[in-house]
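Student: with the sequence up front, the predicted model follows.
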Amino acid sequence: MILHIAFYFAVLSLVSVGGIPSVMPEMQRLVVDVEGWMSAAEYTQLFAIGQAAPGPNVLVTALIGWKVAGIAGGLVALGAFCGPAAALAYTIGGYWDRMRDAPWRKDIQRALVPITVGFIVSGGYVLATPQGPIWQSAVIAGTSAATLYATKLNPLWILAAGGVLGYFLF
Amino acid sequence: MEYNPPKSLLELYLGFLSIGARSFGGVLPWAHRTMVEERRWIAPGDFAEVLALCQFLPGPNVGNVSVVLGRRWFGPVGSVVAFAGLMALPLVWVFGLALLYADFATHPAVRAVVTGVGVAGGGLFIGTALKLAKPLVQKPWALALAVSCFGVIAIGRMSLFAVLPVAALLGWLGARRGLI
């Protein structure tokens, strides 16, 4: 199982345009739908724990690995997801000055915006509907999305409010 | 205003350690504050350039920033040290929380609160995407592409690996024709 996760996350690493939010649906599809390693609810709860800790949101990959194969699984999953992308960043880092103003790079960047938007909304949707599209989830996720969009409130308060609403609604 | 890179690997490690330790609710603001404002390792414009590269590339943005800057200052060892510093404390935190949660996960109230936090976190993604989507409002092609991606991934439950090549091709053609 560890090897399976390592391989899958490593490949996913290279297509994670827009970072972790974009690949949340695919990871959930793998561990919940395809492999049955956890339920959709457990997946959302692991994500919540990742959000409640400091550090990059990529840590959720460590939690998924941990749930499936213990602490070692967590470290392997994190390394597998970060490694290939880091190797790419390491290599490209030296050429960036030449690439930066190339017209093809600007085309790619523009092309990626709508795709990233679609993927990130999908990530949000998948995480917010662990029990299917029920009104309770819609209220919590809708409030949180609107608050982030319209105010400058620290996201931690929004997450805390989600916890309080969760206590009463779920 | 003088900006000087870290002088030793230890300084590099401690800098990234403090970014990781304090970054509740998002790493990026803390990365900027630590490296640009407090330790003055890198000028703001330079930081923005590195960040643009790391947002363009796949992978975790700030994780990539640590790799790129670590390399610039100390070579391969620097990349490893910076990345390890960034992840060390958050990893301990997150595993600690997960173990704690595992003990209480059967408690319905605890589960409800944690699920609420996760659902709200999903909402944060949606809010972030809405901000990113603002410039797309006058570009029907781009909006259609974003909505289609959502439809096939979130509702259709198709694999990212099947969707991305097609979406990338459509996006590329659209961008070349000035539609996106």
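Tutor: Structure received. Numbers count the residues shown, from 1 in each chain, chains lettered A, B, ... in the order given.

Student: with adjacent residues omitted, what lies nearest to A:Tyr125?
Tutor: Sequence neighbours aside, B:Ala154 is the residue nearest to A:Tyr125 in space, at 4.3 Å (criterion: C-beta to C-beta, 6 or more residues apart in numbering or on different chains). For every residue, glycine as well, the C-beta is placed using N, CA and C.

Student: and if you look at B:Val80?
Tutor: For B:Val80, ignoring the flanking residues on the chain, the nearest one in space by C-beta to C-beta, 6+ apart is B:Gly70 at 7.1 Å.

Student: now whatever helix or strand the one you found lives in, how far from the chain's geometric center?
Tutor: Element membership for B:Gly70 (DSSP states H and E) is helix B:61-104. On the basis of C-alpha atoms, centre = their mean, to the nearest Å, the separation between the geometric centre of helix B:61-104 and that of its chain is 12 Å.

Student: any stretches of chain A with poor pLDDT?
Tutor: Low-confidence regions of chain A, defined here as pLDDT under 70, do not occur.

Student: which residue ranges of the chain form strands?
Tutor: With no chain named, the answer covers chain A. Defined through DSSP state E, the strands belonging to chain A form an empty list.

Student: A:Gly55 against B:Ser18, yeah?
Tutor: No: A:Gly55 sits out of contact with B:Ser18 when judged by C-beta atoms under 8 Å, with a separation of 11.8 Å.

Student: neighbour count winner among these two?
Tutor: Higher neighbour count among A:Gly55 and B:Ser18: A:Gly55, with 29 against 18, using other C-beta atoms under 10 Å in any protein chain shown.

Student: skip the chain neighbours and tell me the closest residue to the more buried one.
Tutor: Taking C-beta to C-beta, 6+ apart, and ignoring the residues beside it in sequence, A:Gly55 has B:Pro90 as its nearest neighbour in space, at 2.4 Å.

Student: sorry, back to before: avg pLDDT for the helix holding B:Gly70?
Tutor: The average pLDDT within helix B:61-104 is 94.

Student: give me the helices and strands touching it, please.
Tutor: Contacting helix B:61-104 under the criterion 3 or more C-beta pairs under 8 Å, 6 or more residues apart in numbering or on different chains; DSSP states H and E are the following elements: helix A:40-51, helix A:59-93, helix B:9-22, helix B:28-32, helix B:44-56, helix B:108-133.

Student: residue contacts, A:Ile140?
Tutor: A:Ile140 makes contact with A:Ala128, A:Gly162, A:Leu165, A:Gly166, A:Leu169, B:Gly116, B:Val119, B:Ala120, B:Gly123 under the criterion C-beta atoms under 8 Å, 6 or more residues apart in numbering or on different chains.

Student: how many residues are close by the residue of chain B found nearest chain A?
Tutor: Nearest residue of chain B to chain A: B:Gly116, at 1.5 Å (C-beta to the nearest C-beta). Taking other C-beta under 10 Å as the neighbour definition, B:Gly116 ends up with a count of 28.

Student: I'd say it and A:Tyr167 touch.
Tutor: Yes: proximity of B:Gly116 to A:Tyr167 meets the contact threshold set by C-beta under 8 Å, at 6.5 Å.

Student: coming back round to it: my guess is the residue nearest to B:Val80 meets B:Asn64, correct?
Tutor: No: under the criterion of C-beta under 8 Å, B:Gly70 is not in contact with B:Asn64, lying 10.5 Å apart.

Student: other residues contacting stretch A:44-55?
Tutor: Under C-beta under 8 Å, 6+ apart, the answer for stretch A:44-55 is A:24, A:38, A:57, A:59-60, A:63-64, A:67, A:127-128, A:130, A:159, B:20-24, B:27, B:86-87, B:89-91, B:93-94, B:97-98, B:101, B:105, B:111, B:114-119, B:121-122.

Student: and A:Ile71, how many residues sit next to it?
Tutor: The local packing count at A:Ile71 equals 14, with neighbours defined by other C-beta under 10 Å.
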